[in-house]
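Chemist: sequence and predicted model, in that order:
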Amino acid sequence: MDFTYDEEQQALREAVRGLLGKAYSDYENRRRTVAEDPGFSEQLWGQLAEMGVLGLPFEERYGGMGAGPIEVGIVAQELGRVLAPEPFLSAVVLAGGAVAAAGTDEQRTQLLEALSSGEQLLAFAHQEPGARWQPTASAVTASGSGSSWTLSGVKEPVLHGARADVLVVSAALPDGGTGLFLVDGSASGLGRDGYSTSEGGRAARVSFTDTPATPLGAAEDRTDVIAQVLDAGRIAVGNEALGLMEVALETTSAYLKSRKQFGVTLNTFQALTFRAADMYVSLELARSVVTWATMVLAEKSSGAEVATAASRASLAVSRSGRHVGQEAIQLHGGIGMTAEYSIGSYTSRLTALDHLLGTGDHHLGLLAAGVGSYDEIDPLP
Amino acid sequence: MQLALSAEDAEFRDEMREFFTTQIPQEVRDAVRDRRELTRDQLVESQRAMNRNGLAVPNWPVEWGGKDWSPLRRHIWHEEMQRAFVPPPLAFNASMIGPVIATFGSQEMKAKFLPPTANIDIWWSQGFSEPDAGSDLASLKTRAVRDGDEYVVNGQKTWTTLGQYGDWIFTLVRTDPEAKKQAGISMLLIDMTSPGVEVRPIELIDGSHEVNEVWFTDVRVPAENLVGEENRAWDYAKFLLGNERVGVAPVGATKRVLAQAKEWASSVPSGTGAATLLDDPLVAARIAELENELLALELTALRVVAHSADGKPHPASSVLKLKGTELQQAVTELVVDLAGPASLASGAADDATDLPWWTRRATPVYLNFRKASIYGGSNEVQRQIIARTILGL
C-alpha cells in the first residue's frame, strides 16, 4: 500500500505547476483570458501539448505518453490550483477517453495524435437538455447504416462545443441503445451557439439537422463506454476539486492571518479559526476518497467497482467542495464576493464541477439503492 | 501509488483475522457484538488470551513483549480486532502507563510492573483529570509532599474510568507548587489499596457506572514509585496523550455497528410505505452517506499509518480523532432512530419485554458515546491543534 507519488509523478507535477504558474499565478491573467473567446489560452494549450500533457493517458503508438489516471489526476489538481480554464477535462479525459475506448485503430491514430499535438480540439457532446448525467442519449438520434449516418437533435451544454474541431457525439440508435459518432466542426447541418458558463468557462448549444456523422468504431450500443468515460471524468473532476480546495483553504488561512479588524488580525478569533480547521478536515477526507478512487481506476479501468468508486469520490467531493467553497467566501467577508479577488472564483468552479457529472445527492441516490446488498465496505482489493 | 497490501501484509492480516475470530472467548465477542457492558472478568480474560499469544502489547519495546511492527501492521491488528468484536487491551495498561514505564521508568520499575501490566494482573486506572483541570490539565492541584522515603498525597481526581476495578492508579501530582504550572508536576504510581484512597462512583446519563472520583487523604506512597524524575511528568503526560490519540479513531468498530444497523433496519417495518426501514429512501441515503464518510475516515487512517514510518505523525492524524468520534456518535444516533419507540424500553429485563434487545440498548449506547468527543482531548482541542499547528492560525 502506497499513497505517495513516485519521482516521475512528482516531476510531472513540478513541470505542470511551473508552466501553469507562469500563465496564471497572477489571477488577473486568468480573468483576462476567460473574458475573451475561446475562453482559454491557445498558446498555453500548445505548450501543454509540447510537454506531452494532452496525450498523457493515450498509448504511445497514438502519439500519447502511455500514462494513466494517477498522472491525469496530478494534472487535474494543478489545473484546479490556478483555476486554469484550458479544456483538459472535456478534450483529453472525456472526448479523448471516448476515442481511445471505442475508436477504430485508424480513428485513434488520427484523432489522438491530432489531440495530443494540439492540432485539433475535441469536445464530448453527450449532455442533453433535460437529461441528468445518465450514460444514454435520446434527444439526439442517429439514422443510417454502414458508414453512412446522420444525426438530428440538440446537445447542451457541450463544454467548448463552439471551438472544437471535432465533436464526439452520443446518439440514440435506430434499433435501441446509444452509439458514439464523430462530427466534423465544418459538417453541414451543424449549429453551434457558444456562451460563457457560470465560472468563466465555455459551452455551447450544439444542434444537428441531418448532420453527416461517422460511427466511432462500430455503430453499436456504446452505453458502457460512455459510462466508463463519465466515471473517469468524475475521478478527474475530483482531483481538480482537490486542487481548488487546497488553494481555497491556503488563501483563506493567509487572509485570516493578514486581515485586521478591531485592531487585531482575524486569526485572533476562534469562531473563525475553528471553521478553517473544519475546512481542513473536509479537504483531507475528500483527498483520501479521491486518491483511493484514482487508484481503483488505475487498477481496474472499468466496471462496477470503478463506477462505485467514482460515485463515492463524487459524493465526498460534492460535500467537501460546498463546505470549503462556501466557508472560504464567508471567512473572507465582502472581498470574497468580488470578481477581482480570486477566492469567489474557486467556489464558482467547485460549483460548476459539482454539477458537471453528477451532484453528491445524485451519487448518494445511486449508492443508497445498493446499500442493502453488502455488509460493509472494504476499500482494499 | 498502490492500493493493495503487500503479500506479507496481506498474510499478516489473514493471521490476525484467524487469531481474533478463533482464540478469543466467544462469550466475550458476543457481549461486544450485543453492545453490552463488559465485566471485569471478560476484559481480563480477553487480554490474557492475547497476551498468551504475544498480541496484547505490540506497541511496547520488544524486550517487554512488543512486536516492532510497522504502523500499518499495528493498524491492521487493531482493525481486525474490532472487526471480530474483540475488546481492545485495556488502554490504561497497554497504551498509557505501559509505554510510559517502558520509556521513562527505572529498570527495577520496568521489571516489577511491565509483565503484570501486559497480562492485566494489575488493572491500572488513570488519575489525571481533576474537577478544575479538564482540557487545561496543567492546572491540576493534587499535592504530593516528600516525607523521608515517601510522598504524602492529598487531593481529588475525577473521570477515573473503571476505577472501581483498579488495583493501581498512575497519577499526575504537583510536587513543586512554586514552579510555573507545567513545570511542577510529577507522576506517581499508587496502590489503590493504600489507606486514604477512596473511590466514589459517578452515575452517568445512560445509567452506567463507568467513571469515578478518586480521593486521596494523606496517602503515603513509597518514593520508588515516582516515574522518571521529579517535576518532569508534563513531558511523560504529553508522550502518553500522544499515544492515546492514535487509538481513538475506532474505524472498525463503527463499521461493524453500521453493518449491524443495516441488518436491524431490514427487520423493522418502515411505517412510511416502504417494506422495511432499509427500503425507506431517506434511511438508505443516511446509511450510504455514513458509509461514505467512514470510508473517507478509514482511508485517511490508512494514509496516516502508511506514511508515518519515520516517527513523525502525519499531519492528517489530527483529523482522525475529530471525525472518528463524530462518526461513532452519528452511528449510535442512527441506531436509536431505527429503534424508534422501542428505544424507550431500556430498563426492561430480557424476560419482561417483547422488544428486541438491540432496540433496548440503543439509547444507553447513544447517550454513553456523547463522551467520545470530550475525552482524549476534546474535539474543540483538536480543532485548536489543526488551526494552530497545521494551518498556522
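Modeler: The structure has been received and is ready for your questions. Predicted, not measured: the structure shown is a model, and the values here were computed from it.

Chemist: for residue B:171, what are its contacts?
Modeler: By C-beta atoms under 8 Å, 6 or more residues apart in numbering or on different chains, the residues touching residue B:171 are B:127-128, B:142, B:153, B:157, B:187-190, B:216. Bear in mind the C-beta positions are built from the backbone N, C-alpha and C, glycine included.

Chemist: which helix or strand contains it?
Modeler: strand B:168-174 (DSSP states H and E).

Chemist: got the CA coordinates for that strand in CSV?
Modeler: C-alpha atoms of strand B:168-174 as CSV (Å, rounded to 0.1, in the frame of the first residue of the first chain):
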residue,chain,number,x,y,z
TRP,B,168,-3.1,0.6,40.9
ILE,B,169,-3.5,4.2,39.7
PHE,B,170,-1.0,6.3,37.8
THR,B,171,-1.4,9.9,38.9
LEU,B,172,-0.2,13.4,38.0
VAL,B,173,0.6,15.2,41.2
ARG,B,174,2.0,18.7,42.0
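
Chemist: what kind of secondary structure is the nearest residue to residue A:375 once chain neighbours are set aside in?
Modeler: Computed as C-beta to C-beta, 6 or more residues apart in numbering or on different chains, the closest residue to residue A:375 that is not its neighbour in sequence is residue B:259, at 4.8 Å. Of the three states, residue B:259 takes helix according to DSSP: H, G, I helix; E, B strand; the rest coil.

Chemist: and residue B:259, how far is that from residue B:335?
Modeler: To residue B:335, residue B:259 is 12 Å away according to C-beta to C-beta, to the nearest Å.

Chemist: what about the strands in the chain?
Modeler: This is for chain A. A:122-125, A:141-145, A:148-159, A:166-172, A:178-184, A:190-196, A:202-215, A:260-261, A:264-265 (DSSP state E).

Chemist: that was the other one, I meant chain B.
Modeler: Under DSSP E, chain B gives strands at B:124-127, B:143-147, B:150-157, B:168-174, B:185-191, B:197-203, B:209-222, B:226-227.

Chemist: on that earlier part again, residue B:259 and residue B:335: who's more crowded?
Modeler: residue B:335 (23 against 16; other C-beta atoms under 10 Å in any protein chain shown).

Chemist: isn't the more buried one right up against residue B:264?
Modeler: Yes - counting by C-beta atoms under 8 Å, residue B:335 does reach residue B:264; the two are 7.1 Å apart.

Chemist: find residues that contact each of those two.
Modeler: residue B:358.

Chemist: what number of residues lie near residue 147?
Modeler: Assuming you mean chain A. Applying other C-beta under 10 Å, I find that residue A:147 has 9 neighbouring residues.

Chemist: wrong chain, I was asking about chain B
Modeler: Quick note: residue B:147 (other C-beta under 10 Å) scores 10 neighbours.

Chemist: quick one: the closest residue to it other than its chain neighbours from residue B:148, how far?
Modeler: Leaving aside its chain neighbours, residue B:147 sits nearest to residue B:220 (7.8 Å; criterion: C-beta to C-beta, 6+ apart). Counting by C-beta to C-beta, the gap from residue B:220 to residue B:148 is 10 Å.

Chemist: repeat for residue A:300
Modeler: 72 Å.

Chemist: repeat that for residue A:52.
Modeler: On the measure of C-beta to C-beta, residue A:52 and residue B:148 end up 79 Å apart.

Chemist: neighbour count for those two, which is higher?
Modeler: Neighbours were counted for residue A:52 and for residue B:148 using other C-beta under 10 Å; residue A:52 has more, 16 against 8.
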